[in-house]
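Peer 1: Below is the sequence, then the predicted model.
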Amino acid sequence: MPSVRDTADFRRVRALPRRALSESDAAAWAAVLTDEYRKPGGTQTLRPWQAYCLAECAEVGGLLGGLPVGIGKTLITWLLPSACRSERPILVVPASLKAKTYADFGAFLPHWRAPRTPIRIVTLQELAPERGANLLTSIDPDLVMVDECDELANAESSAARRLARFLGPRECTLAALSGTLSRRSILGYAHLLWWALGEGAPVPLTISELRDWAGALDESPQGAREGVAGRVGCGVLGRDRTAARAWYRQRLAETPGVVLVDGDSCDAPLTIRVRLAREDAALDSAFRDFATTLETPEGMPVSDPLSRWRMDAQLGCGLYLRWNPQPPEAWREARRAVARFVRERIAASTRSAKPLDTEAQVLRRFEDHPIVRAWLEVRGTFTPQTEAVWLSTSTIESARDWLGESSTPGIIWTGCVEFGEACARALRLPYYGRGGKDANGRGLHEADARRSFVCSWGANKRGFNLQAWRRQLLIMPPQSAKYLEQMYGRSHRSGQTEPVTVDVLATSGGTLDAFDTAIAEAEFARETVGMTQKALRATITHAAPRVTAANRYRWARKEGGAKPEAEPTRSIASRLKKSSSGLATRDRI
C-alpha cells in the first residue's frame with residue numbers, strides 16, 4: 001500500500017506559521033471593529049468571531065472561514081470590503097439567496113458603514129455558463145467573497161473552474177465562508193485553500209500528493225467519488241488514521257488565514273427525534289417489488305446508489321415518477337440492460353484500487369463495452385418526461401398528524417417537489433420551492449411567522465433566518481450532514497431563545513440509512529476540521545420500526561441495520577440475496 005511521503009511539499013506545510021485561535025482576541029477585535037465600522041446611532045454589535053474573520057482576512061490577504069451555521073456570515077461579507085480596502089468587491093452566493101442577501105444588506109444600512117464601492121452580488125448559476133468567465137473579467141474584482149463556499153466542493157464544476165481560471169494569474173483576495181465546510185473528503189475544500197492562501201495553504205499544492213493525503217484521511221466512498229485510487233497509508237501524517245487526522249486537524253486550525261470555530265451559534269436546546277410514518281400495506285408492497293426488480297412499477301430501472309436512494313425516498317413519500325409518454329421498446333431495453341450492467345460493475349469494483357460509485361463513472365470507464373455502446377447510441381433518441389403516480393397519501397397524513405400535535409407553527413421540509421406541492425395543497429399551507437418563492441411569488445424571507453409552511457430543502461436549506469419556527473419535520477431527508485446542519489440552522493441559530501425540535505420522519509429503512517450516513521459524515525468533519533455539527537450536540541431519540549413479514553422489504557437496511565422481529569436475520573437476508581444480485585449492499589434488515 002502506498003503511504004504519504006516526506007516530500008518538500010509536506011515539509012512546507014509542516015513549517016507554515018502557527019497561531020492559536022483565541023476567544024479573548026476575538027472579543028477584543030469585536031470591540032475595536034464595532035467602533036470603527038458602526039455608524040453613529042447604530043445599535044448592532046459585531047460578534048467576536050465575525051470581527052476575528054475581518055481582522056484575519058485583512059492581515060493575511062485571504063480567508064477560509066468555517067463558522068457555525070447562523071453566526072452571521074452575511075455581515076462579515078458586508079464589512080470585508082472596508083476591512084480589505086477593496087475597490088471592486090463581489091459576493092458569490094447560491095441563486096436562492098440573492099434576494100435575501102440584498103434584503104440583509106438593506107437592513108445593515110442604519111447600523112454599519114457601507115463599503116466605498118457597492119458590492120456586486122453574483123450567483124453561482126451566473127458563473128456556471130461559458131459567459132461566466134467573461135463576467136468575472138468584466139468586473140475584474142479585487143476581492144471575491146464566497147458565501148456557502150461548500151457549494152464549490154466539486155473543483156471540476158463549471159463555476160469552480162471559472163473562479164480558478166480568474167484567480168490564478170491575478171492579485172485578488174479570496175474570502176470563502178461556510179457553516180459546513182467538509183463532507184467526506186478534504187478534496188472538497190483544498191482548492192479553496194489554494195485560492196485563498198496560495199503557498200500558505202496547509203495542504204499539498206500538487207494534485208497527486210493531495211490525493212495521497214485524501215486517501216489517508218478521507219472516509220469512503222467520497223474519496224473514491226473524488227478520484228482517490230483506494231486507501232493510502234498515513235506515513236508521515238501519523239501512525240494510524242486517528243493520529244493522522246488529529247495532526248491534520250491541528251495543522252489546519254492553526255494556519256493563519258484559516259478560521260475554524262468549533263462552537264454553536266445557539267445555546268437553546270436542540271432535540272432530534274426519529275419518528276415512524278404511518279403503516280401502509282400499499283407501500284409495503286411497492287417496496288417489495290422495488291427490492292426484487294430495482295425498477296419502478298412502470299419499468300424505469302435504477303442503476304447507481306444515488307438513484308436507488310432517490311427511488312426509495314420517493315416511494316416513502318407515497319409516489320413514484322413514470323414516463324409519459326412511454327419510451328420506445330428499444331430504448332427501454334437498452335436502458336434496462338445498461339442499468340443492470342452499471343449495478344454489477346459498481347458492486348464488482350467495491351474492493352478494487354479504483355472503485356466506481358456512479359453511472360457516469362461506469363459509462364466512461366467501459367465506453368467500448370457493447371452494452372454501453374448500445375445505450376449511448378439510443379440515449380439521445382428519447383427525452384424522458386415524467387409525471388407523479390400516487391400509491392398512497394399516508395405520508396401526507398403523517399405530516400398532518402405531526403402538524404396537529406402542537407399549535408406552534410412549524411416547517412415541513414421535503415426533498416420531493418411533487419410531494420411538497422401535494423402536501424401543501426392537502427394541508428392548506430404555502431409551499432416554498434425554487435428561488436425561495438411560493439405560488440404567489442412571495443419570498444421565504446417574508447413568510448408569515450404565525451403560519452406553518454412546506455418547503456423544499458433542495459432550494460431553501462441555506463441562508464434564511466427561520467428562527468420564528470422552532471418545530472421542523474424532515475420528510476425525505478438528505479444523506480448529507482452538511483445539508484441537515486443547514487436545515488437545523490434555519491431555526492436553531494443566534495437569537496433563538498426557545499428549544500428547537502426536529503422530527504425526522506422515517507418512511508423506510510433507506511431513510512434510517514440516510515440519517516446514519518449523515519451522522520457518520522458529521523463525525524468525519526469533527527475529526528478532520530474540528531467543527532462539531534448540531535447533530536452531534538443535539539439530544540437524539542430513535543423510534544425503531546417493528547419489522548414483520550409483510551413490511552420487511554420496506555424496512556430493509558444496509559449492513560448493520562436493525563434486525564427483524566418476525567424472522568431470523570439469516571433467513572430474510574438469504575431471501576433478499578436470491579431476489580436480486582443488486583441487493584448485495586442491502587442484505588441485512
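Peer 2: Here it is on my side, so go on. Since this is a predicted model, take the numbers as computed values, not measurements.

Peer 1: where in the chain is pLDDT low?
Peer 2: 220-230, 350-354, 559-589 (pLDDT under 70).

Peer 1: Show me the domain layout of it.
Peer 2: 60-202, 205-254, 270-281+394-586, 282-388 (automatic domain parsing).

Peer 1: any chance of the ones you listed in TSV, plus mean neighbour count and distance to Asp6?
Peer 2: All C-beta atoms are positioned from the backbone trio N, CA, C, and that covers glycine. Formatted as TSV, the domains of the chain follow (neighbours: other C-beta atoms under 10 Å; distance: least, C-beta to C-beta, whole Å):
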stretch	mean neighbour count	distance to Asp6
domain 60-202	20	16
domain 205-254	19	5
domain 270-281+394-586	19	21
domain 282-388	17	24
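
Peer 1: what sits against the spatially closest residue to Leu466 that is not a sequence neighbour?
Peer 2: Leaving aside its sequence neighbours, Leu466 sits nearest to Arg490 (C-beta to C-beta, 6 or more residues apart in numbering; 4.0 Å). By C-beta atoms under 8 Å, 6 or more residues apart in numbering, the contact list for Arg490 reads 411, 461, 464-467, 469, 472.

Peer 1: Surely Arg490 forms part of a helix?
Peer 2: Yes - under DSSP: H, G, I helix; E, B strand; the rest coil, Arg490 sits within a helix.

Peer 1: who touches the residue nearest to Thr497 when sequence neighbours are not counted in this structure?
Peer 2: Once flanking residues are discounted, Thr497 sits nearest to Ala268: 6.1 Å by C-beta to C-beta, 6+ apart. Applying C-beta under 8 Å, 6+ apart, we find Ala268 in contact with 492, 496-500.

Peer 1: List the residues that contact Val4.
Peer 2: 10, 212-213, 216, 232-237, 244.

Peer 1: Let me have those in JSON lines, extended by secondary structure and distance to Leu67.
Peer 2: Formatted as JSON lines, these follow (DSSP: H, G, I helix; E, B strand; the rest coil; distance: C-beta to C-beta, whole Å):
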{"residue": "Phe10", "secondary structure": "helix", "distance to Leu67": "28"}
{"residue": "Asp212", "secondary structure": "helix", "distance to Leu67": "29"}
{"residue": "Trp213", "secondary structure": "helix", "distance to Leu67": "24"}
{"residue": "Ala216", "secondary structure": "helix", "distance to Leu67": "27"}
{"residue": "Val232", "secondary structure": "coil", "distance to Leu67": "30"}
{"residue": "Gly233", "secondary structure": "strand", "distance to Leu67": "33"}
{"residue": "Cys234", "secondary structure": "coil", "distance to Leu67": "29"}
{"residue": "Gly235", "secondary structure": "helix", "distance to Leu67": "32"}
{"residue": "Val236", "secondary structure": "helix", "distance to Leu67": "31"}
{"residue": "Leu237", "secondary structure": "helix", "distance to Leu67": "26"}
{"residue": "Ala244", "secondary structure": "helix", "distance to Leu67": "25"}
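
Peer 1: Please identify which of the residues you listed is nearest to Ala99.
Peer 2: Nearest to Ala99 among the contacts of Val4: Trp213, at 39.4 Å, using C-beta to C-beta.

Peer 1: In this structure the closest one contacts Pro202, no?
Peer 2: No - Trp213 lies out of contact with Pro202 (C-beta atoms under 8 Å); the separation is 10.5 Å.

Peer 1: List the beta-bridge partners for Glu387.
Peer 2: Beta-bridge pairing of Glu387 under DSSP bridges involves Arg322.
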